[in-house]
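# got a predicted model here, sequence first, then my questions.
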Amino acid sequence: MMFWQGITIWTFAFLAMVFGPFELLVPFLVLQILGITMVWKDSPSTDEILQHPNGLVKKDFILNKVMSDIAKPINCSVTMGQSICFFAEGYGDHYSQDGHGCPVMIENEDGILKLYVWDDINSEDPRIISLVNARESQRK
């Protein structure tokens, strides 16, 4: 492991303990693409993070309400493998059965992050957002 990777892992591990894993999702995704493992908030039990035989990792969490007294928390999960998928109870994509849809997915396509969003469950095609211009090297 290179020196800077070790520092990065420990920095994000510390931040995860302080702020929780969801706020660190984007840096976590970047670290996964670089092949660096990230630590979640607490020592994970098998109920919190599941390692599947095909290498897929799943993390369940509750997305709490933000600035609303009537919004209810939503059960969510993130899976990480060949792509990173965000699942939320009651949401899905066109092709998946109810309860199994992934309305948001991130993939590494030839070294460029792409975000796929199924914002309409009746539409076959997702909105695809290339993050090529979000690279830090693009900053002016």
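Arrived safely. Numbering: from 1, shown residues only.

# now do the strands in the chain.
49-51, 57-63, 74-80, 84-88, 104-109, 112-117, 127-130 (DSSP state E).

# and the ones you listed, which is most packed in?
Among these, strand 84-88 has the highest mean neighbour count (mean count of other C-beta atoms under 10 Å), at a mean of 19. Every C-beta, even on glycine, is put in place using the N, C-alpha and C of the backbone.

# the nearest residue to residue 96 once chain neighbours are set aside: neighbour count?
Of all residues not flanking residue 96 in the chain, residue 102 sits nearest, at 6.7 Å (C-beta to C-beta, 6 or more residues apart in numbering). A count of neighbours around residue 102, defined by other C-beta atoms under 10 Å, yields 22.

# distance of residue 102 from residue 126?
From residue 102 across to residue 126, the span is 10 Å (C-beta to C-beta, to the nearest Å).

# read off the pLDDT value for the nearest residue to residue 127 once chain neighbours are set aside.
For residue 127, ignoring the flanking residues on the chain, the nearest one in space by C-beta to C-beta, 6+ apart is residue 117 at 4.7 Å. If you check residue 117, the pLDDT there is 94.

# residue 117 contacts residue 123, correct?
No - contact criterion C-beta atoms under 8 Å: residue 117 and residue 123 do not qualify, at 10.6 Å.

# distance-wise, check the nearest residue to residue 130 once chain neighbours are set aside relative to residue 87.
Of all residues not flanking residue 130 in the chain, residue 114 sits nearest, at 5.5 Å (C-beta to C-beta, 6+ apart). Distance of residue 114 to residue 87, computed by C-beta to C-beta: 18 Å.

# what residues are up against residue 68?
Going by C-beta atoms under 8 Å, 6 or more residues apart in numbering, residue 68 touches no other residue.

# repeat for residue 138
For residue 138, the contact set (C-beta under 8 Å, 6+ apart) comprises residue 132.

# below-threshold pLDDT in the chain: ranges please.
1-55 (pLDDT under 70).
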